[in-house]
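Participant: just the structure for this:
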Amino acid sequence: MTNTLQYWHSNGYLNDFYDAKNRLNTLGINDYDYCELQDLKKLCQWYNILESNKWRISIPGSIQKMVFFSVPWNNNLIIAVNGGGTYAYDNGVNLLIYEMPYQKMEEIMKTVKLSHGNSWSDATSKIWQVESALKGENPILYKSPNLSLKSYKNYRFRNVKIHDYYLPSYDVENNPDYYFKPLDIAKVHIPNGWFHSCIYLGGGMICNAMPGAGSTDCYGGYYNSGGKKSSSGSSEGDIQIMGWGSFLNFFRDNNGNLIKPSKVVRLHPIVPYKNKDRVIQHLAEAIEGSSNYYDKRGRFRTRIDDDGKSNNCEHFVNLVAHAIDISEYTEKKKYEHGHYTAKSTHDFYLPSKFSENHSFFNGLTSYQQSSRINQIKNYTTSSSVGKGDNVEGIKMQARIEVQPKTWYRLS
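Facilitator: As a prediction, the model looks like this:
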């Protein structure tokens with residue numbers, strides 16, 4: 001149901017928010033503009049978030065236009081245009097990405113300056129282009145179709161936030177949903193520098209690529225003796241769902257003794273490379289087609305072959321989350337040791353990589369993995385995973401475009 005701001009205000013529907021009508025007026029909602037009540041509440045929520053984060057946002061000058069919208073992977077997005085306005089050629093287009101704090105996960109406010117020196121029509125076109133990409137199958141394409149992974153940045157992916165959690169910690173070990181969101185990458189480290197990577201599913205469950213049973217070509221001799229035989233008859237590796245505790249206790253020495261981990265690292269995509277449904281589909285296909293995964297890619301191995309190739313847990317999580325066949329660890333080692341295949345920069349054209357990646361995972365199985373997909377979806381929506389307006393932000397019912405008051409600033 002839509003009605004005017006004046007109606008919602010006069011009848012007490014906005015009483016939960018301090019000075020709601022004046023604040024909405026400031027953002028550019030007029031008294032007799034028709035809106036969904038939920039969207040007005042969302043803008044009230046946004047007003048408070050923006051006021052407390054202006055020092056982080058730091059968009060200079062007058063704000064000419066703001067577009068508020070939600071997408072499947074984030075309810076809290078704004079595109080803001082700053083500059084001279086309709087008849088000027090100095091308009092900048094900026095994307096604001098916000099995530100609310102939850103339990104041990106901190107608040108995120110990221111400002112991306114998309115373009116500057118635009119005419120008004122160019123700025124308007126840019127808004128639609130960016131908004132369309134963010135709602136698409138591969139949201140990371142909103143800014144550029146190209147990706148460069150550089151040695152001096154340790155080959156880190158852009159738009160991925162990294163956080164270290166040190167162990168032992170009862171809370172980290174027993175309440176992973178307080179520290180990780182579904183489909184984040186997690187890496188557990190032991191003191192000698194080795195680590196193991198997984199996709200965190202939610203509800204205390206993970207998915208990981210593992211060495212084959214009895215493998216000795218992994219983690220410098222330290223490994224978990226899981227795995228099953230592939231269709232070729234050799235114990236090449238496996239892809240499994242397991243509990244968080246088993247993941248943290250992954251490393252054992254050659255005598256089977258547990259090696260206690262020193263920390264676990266969270267890699268969280270602020271803007272995902274693939275949408276949630278596609279990541280879940282590819283996980284399901286990898287699990288059910290794990291034999292084919294290793295038949296196509298070779299045995300699980302952390303050591304670098306003579307041709308510079310390896311096939312480890314980090315390759316797996318990057319293929320699933322980012323569609324890129326790379327291990328940052330392997331590339332760093334090659335670069336440090338001057339291997340002839342080492343590169344200071346790896347450049348990728350993402351649309352091609354997304355297409356290749358989808359074909360690869362589709363080719364691991366011959367039919368739709370509905371049961372496995374539903375299992376993974378259930379983990380991602382588990383009762384222990386944070387949900388609700390105070391965790392995810394109020395979801396917009398409509399796209400709202402406004403022109404704030406002339407004196408309104410985001411700096």
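Participant: for the rest of this, base every contact and every neighbour count on C-alpha atoms.
Facilitator: OK.
Participant: now do the helices in the stretch 151-300 of the chain.
Facilitator: Taking DSSP state H, counting those that start in this stretch to define them, one finds helices in the stretch 151-300 of the chain at 170-174, 244-248, 276-288, 290-297.
Participant: from the rest of the structure, what touches the first one?
Facilitator: So that's helix 170-174. The contact list for helix 170-174, computed with C-alpha atoms under 8 Å, 6 or more residues apart in numbering, reads 165, 178-179, 244-245, 248.
Participant: only the buried residues of it, if you could.
Facilitator: Residues of helix 170-174 classed as buried: Val172 (neighbour count, 16 or more other C-alpha atoms under 10 Å).
Participant: quick one: it to chain centroid distance?
Facilitator: 22 Å (C-alpha atoms, centre = their mean, to the nearest Å).
Participant: with just CA atoms, put that helix into PDB.
Facilitator: The C-alpha coordinates for helix 170-174 follow below in PDB (Å, rounded to 0.1, in the frame of the first residue of the first chain):
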ATOM      1  CA  TYR A 170      35.900 -20.300  22.500                       C
ATOM      2  CA  ASP A 171      33.500 -17.900  20.600                       C
ATOM      3  CA  VAL A 172      35.200 -18.300  17.200                       C
ATOM      4  CA  GLU A 173      35.400 -22.000  17.600                       C
ATOM      5  CA  ASN A 174      31.800 -22.500  18.700                       C
END
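Participant: that older thread, pull out the buried residues from the contacts of helix 170-174.
Facilitator: The buried subset of the contacts of helix 170-174 (16+ other C-alpha under 10 Å) comprises 178-179, 244, 248.
Participant: between those residues, which is nearest Thr124?
Facilitator: Tyr179 (37.9 Å; C-alpha to C-alpha).
Participant: tell me the phi and psi of that closest one?
Facilitator: Main-chain dihedrals, Tyr179, degrees, to the nearest 10: phi -120, psi -20.
Participant: and Lys395, by the same measure?
Facilitator: According to degrees, to the nearest 10, Lys395 has phi -80, psi 130.
Participant: show me the shaky parts of the stretch 151-300 of the chain.
Facilitator: 213-235 (pLDDT under 70).
Participant: what's the nearest residue to the spatially most central residue of the chain if we skip its chain neighbours?
Facilitator: What sits nearest the mean C-alpha location of the chain, by C-alpha atoms, centre = their mean, is Pro269, with 2.2 Å. Once flanking residues are discounted, Pro269 sits nearest to Val160: 4.3 Å by C-alpha to C-alpha, 6 or more residues apart in numbering.
Participant: try Met109
Facilitator: Nearest to Met109 is Tyr98, by C-alpha to C-alpha, 6+ apart, at 4.6 Å.
Participant: right, and the one you found touches Ile79 too?
Facilitator: No. At 11.7 Å, Tyr98 does not count as touching Ile79 under the criterion of C-alpha atoms under 8 Å.
Participant: and the strands in the stretch 201-350 of the chain?
Facilitator: Applying DSSP state E, counting those that start in this stretch to the stretch 201-350 of the chain gives strands spanning 205-211, 237-243, 263-269, 345-349.
Participant: tell me which of these is the most buried.
Facilitator: strand 205-211 (a mean of 26; mean count of other C-alpha atoms under 10 Å).
Participant: list the strands paired with that strand, with their directions.
Facilitator: If you go by DSSP bridges, strand 205-211 pairs up with strand 195-202 (antiparallel), strand 237-243 (antiparallel).
Participant: any chance of the ones you listed in TSV, plus distance to Met396?
Facilitator: Shown next, in TSV, are the strands paired with strand 205-211 (distance: least, C-alpha to C-alpha, whole Å):
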stretch	distance to Met396
strand 195-202	25
strand 237-243	34
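Participant: looking at those strands, spot the one closest to Arg399.
Facilitator: strand 195-202 (29.7 Å).
Participant: hmm, who's touching that closest one?
Facilitator: In contact with strand 195-202 (C-alpha under 8 Å, 6+ apart) are residues 176-177, 180-189, 206-209, 219, 250, 313-314, 317, 376, 379-382, 384-385.
Participant: let's see that strand as PDB, backbone CA atoms only.
Facilitator: Once non-C-alpha atoms are left out, strand 195-202 reads as follows in PDB (Å, rounded to 0.1, in the frame of the first residue of the first chain):
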ATOM      1  CA  PHE A 195      46.700 -22.900   5.900                       C
ATOM      2  CA  HIS A 196      43.500 -24.600   4.600                       C
ATOM      3  CA  SER A 197      40.700 -22.800   2.800                       C
ATOM      4  CA  CYS A 198      36.900 -23.400   2.600                       C
ATOM      5  CA  ILE A 199      33.600 -21.800   1.700                       C
ATOM      6  CA  TYR A 200      31.600 -21.100   4.900                       C
ATOM      7  CA  LEU A 201      28.000 -22.200   4.200                       C
ATOM      8  CA  GLY A 202      26.300 -21.100   7.500                       C
END
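Participant: if we can go back for a sec, who are the neighbours in contact with the residue nearest to the centre of the chain?
Facilitator: 159-161, 184.
Participant: how about a cut-off of 7 Å?
Facilitator: Pro269 sits next to 159-161 when contact means C-alpha atoms under 7 Å, 6 or more residues apart in numbering.
Participant: same thing with His282?
Facilitator: 320, 361.
Participant: hang on, Lys104 packs against Tyr179?
Facilitator: Yes. If you go by C-alpha atoms under 7 Å, Lys104 and Tyr179 touch, sitting 5.5 Å apart.
Participant: what residue spans form the domains of this protein?
Facilitator: 2-135+391-402, 150-380 (automatic domain parsing).
Participant: between those, which one is nearest to Ser411?
Facilitator: domain 2-135+391-402 (4.1 Å).
Participant: do me a favour and get the end-to-end distance for the closest one?
Facilitator: Length of domain 2-135+391-402, first residue to last, C-alpha to C-alpha, to the nearest Å: 17 Å.
Participant: try stretch 360-380
Facilitator: Per C-alpha to C-alpha, stretch 360-380 runs 24 Å from first to last residue.
Participant: so what does the longest strand seen in the chain touch, helix or strand wise?
Facilitator: Ranked by residue count under DSSP state E, the longest strand found in the chain is strand 108-118. The criterion is 3 or more C-alpha pairs under 7 Å, 6 or more residues apart in numbering; DSSP states H and E, and the helices and strands that strand 108-118 contacts are strand 91-99.
Participant: check the offset of the strand it packs on from the chain's centre.
Facilitator: For strand 91-99, the distance to the chain centre is 17 Å (C-alpha atoms, centre = their mean).
Participant: having no further points to raise, I will conclude here.
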